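A.B. asks: Show me the folded form of this:
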Amino acid sequence: MKFIPSRDLRLRTNKVFDDLKEEGEIIVTQNGLPVALMIPIDESSLNETLNSWKSIKLKNIVRDLRETAINKGTKISDTKK
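C.D. replies: Numbers count the residues shown, from 1 in each chain. You can find the predicted model right below:
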């Protein structure tokens with residue numbers, strides 16, 4: 001996976017997009033720290049990509065809620081009563 005500084009994205013946008021097509025994913029950094037993940041998409045995969053991203057975000061939210069509940073000693077159940 002390729003890492004590029006945000007400055008390169010600003011100054012060499014077309015080169016970064018060409019690299020993205022070759023690499024498949026690029027991490028953008030700012031002050032040496034990762035701040036963004038770039039992945040290639042096209043019209044035919046836009047909805048699928050967005051839905052996958054939303055699913056990942058939702059799973060992370062649920063995981064964080066469970067961890068918070070466990071840390072507070074709250075019991076969580078996956079089933080409704």
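A.B. asks: could you point out the longest helix in the chain?
C.D. replies: Longest helix in the chain, counting residues (DSSP state H): helix 46-72.
A.B. asks: Counting neighbours, which bits of that helix end up buried?
C.D. replies: Going by neighbour count (16 or more other Cβ atoms under 10 Å), nothing in helix 46-72 comes out as buried. To be clear about C-beta, it is placed using only N, CA and C from the backbone, and glycine gets the same treatment.
A.B. asks: tell me the domain ranges of the protein?
C.D. replies: Structural domains assigned to the chain are 1-40, 42-74, following automatic domain parsing.
A.B. asks: Report the central residue of the protein.
C.D. replies: Centroid-nearest residue in the chain, with Cα atoms, centre = their mean: Leu37, separated by 5.9 Å.
A.B. asks: Surely it is in a helix?
C.D. replies: No: Leu37: not assigned to a helix; according to DSSP: H, G, I helix; E, B strand; the rest coil it is strand.
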